[in-house]
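> Need the 3D shape of this:
(one chain, ligands or ions: 1)
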Amino acid sequence: MTATSGERHAGHLLTLHDLTPDTLSRLLDRAQAFRVHPRVTTEFRGLLAGRAVCNLFFEASTRTRTSFQLAAERLGADVIDFDVATSSAGKGESEADTLRTIEAMGLHCFVVRHQRDGAVAELAGCAGPGTTLVNAGEGRQSHPTQGLLDALTLRQAKGSDFSRLRVLIVGDVRHSRVARSAVQALHMLGAGEIRLCGPDALLPDDDALVGCAAMQDFDAAIAGMDAVMMLRLQRERMQDGLVASLDDYRRGYQLDARRLRLAAPDAVVLHPGPINRGVEIASDVADGPQSLILQQVANGVAVRMAVLEMLLAPRADRAE
Ligand code: NCD
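Numbering: from 1, shown residues only. Now for the predicted structure:
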């Protein structure tokens, strides 16, 4: 896909609903092309030359932050990795003023992570008309580029016809923006079946369930599934007491070798990271032959290149 071919050139990527299914598929095609290109580290440095991208992360991140930085650099953009912790935010500067201050230096794009749902859209409302915001994970509602990289990983493993694909998402679905964006992406790609599994207190209490089967028995839910996406127990986003004890949680919801054998023989295992080894996933499964966890990480760079190119590459019909 080129920057001129997407039909919705909204300035921002706030959720996957900003994309049509067709644009989503073409983003995956473009990411795949980046992924397999032998000179991806040098070949595309002209695409965003002269553009400046700022990582503005109000919440911790390893994979997303690093991969957005690498993606922007591989496209030739100037990149500022803004450290909120050591910034004037500590002196009381508001988030909007922080954004406008950096924007005044000539930034074109902010990649924003925030702990609060709606914060990225609010900041987008404070930005100037030519500035693009990309949601890099917000609250528990959305993490669009994670949804894209999970879809790309599944497509690489299982082919581009999602209509027969059976995907199980397990664990702390209630607090998971990863699960919500994965479900959106899977619906847009026409996935055959999506099951969500976890203890009742961690199943969604909103409409993230629509179009998915909710199950509490992991052994029953995993039977015959093609892909199992495990989620971290997100204790920083949950009220105390939702999980009685870690031992109970492990017994009910850890993906271990025995449980994995109940899935389809060629089932694949995903996890967005960070992993709590020995809690939601056993180490031998996380590091085993069916695990695509590091492939997800590698795909993150390619997907973010495709997104930044779509949103920022100069287009003939856009006033520069
Ligand atoms: C996730 C996130 O921050 O939403 N991590 C990621 O982006 N790969 C998942 C998590 O924190 O559990």
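> what number of residues lie near the closest residue to residue 76 other than its chain neighbours?
The shortest distance from residue 76 to any non-neighbouring residue, by Cβ to Cβ, 6 or more residues apart in numbering, is to residue 45 (3.6 Å). C-beta: built from backbone N, CA, C; applies to glycine. Using other Cβ atoms under 10 Å, residue 45 is surrounded by 13 other residues.
> What of residue 185?
Neighbour count of residue 185, defined by other Cβ under 10 Å: 25.
> what about the helix or strand where it lies, distance to the chain center?
In the assignment (DSSP states H and E), residue 185 maps to helix 177-188. Distance of helix 177-188 from its chain centroid, counting by Cα atoms, centre = their mean, to the nearest Å, is 9 Å.
> who touches the helix or strand following it?
Where DSSP H and E defines the elements, the next helix or strand beyond helix 177-188 is strand 193-197. Under the contact criterion Cβ atoms under 8 Å, 6 or more residues apart in numbering, strand 193-197 has outside partners 165-171, 173, 179, 183, 186-187, 203-204, 208-209, 211-218, 221-222, 225, 253.
> about what we covered before: what's the spacing between the residue nearest to residue 76 and residue 118?
35 Å (Cβ to Cβ, to the nearest Å).
> so who does the residue nearest to the spatial centre of the chain touch?
In the chain, the C-alpha closest to the average C-alpha coordinate belongs to residue 146, at a distance of 1.3 Å (Cα atoms, centre = their mean). Residue 146 makes contact with 64, 137, 177, 178, 181, 182, 272, 300 under the criterion Cβ under 8 Å, 6+ apart.
> From the contacts of strand 193-197, keep the buried residues only.
Listed as buried from those are 165-171, 173, 179, 183, 186-187, 203-204, 208, 212, 215, 218, 221-222, 225, 253; burial here means 16 or more other Cβ atoms under 10 Å.
> Run through the protein and note the low-pLDDT ranges.
Within the chain, the ranges that satisfy pLDDT under 70 run 1-10, 237-241, 316-320.
> Farthest from the middle of it: give me that residue.
The outermost residue of the chain, judged by C-alpha distance from the chain's mean C-alpha position using Cα atoms, centre = their mean, is residue 91 at 31.2 Å.
> Stretch 160-177: end-to-end distance?
Length of stretch 160-177, first residue to last, Cα to Cα, to the nearest Å: 24 Å.
> Equivalent analysis for stretch 11-22, please.
One end of stretch 11-22 sits 18 Å from the other (Cα to Cα).
> For it, buried residues please.
Those would be 11, 12, 13, 14, 15, 16, 18, 19, for stretch 11-22 by 16+ other Cβ under 10 Å.
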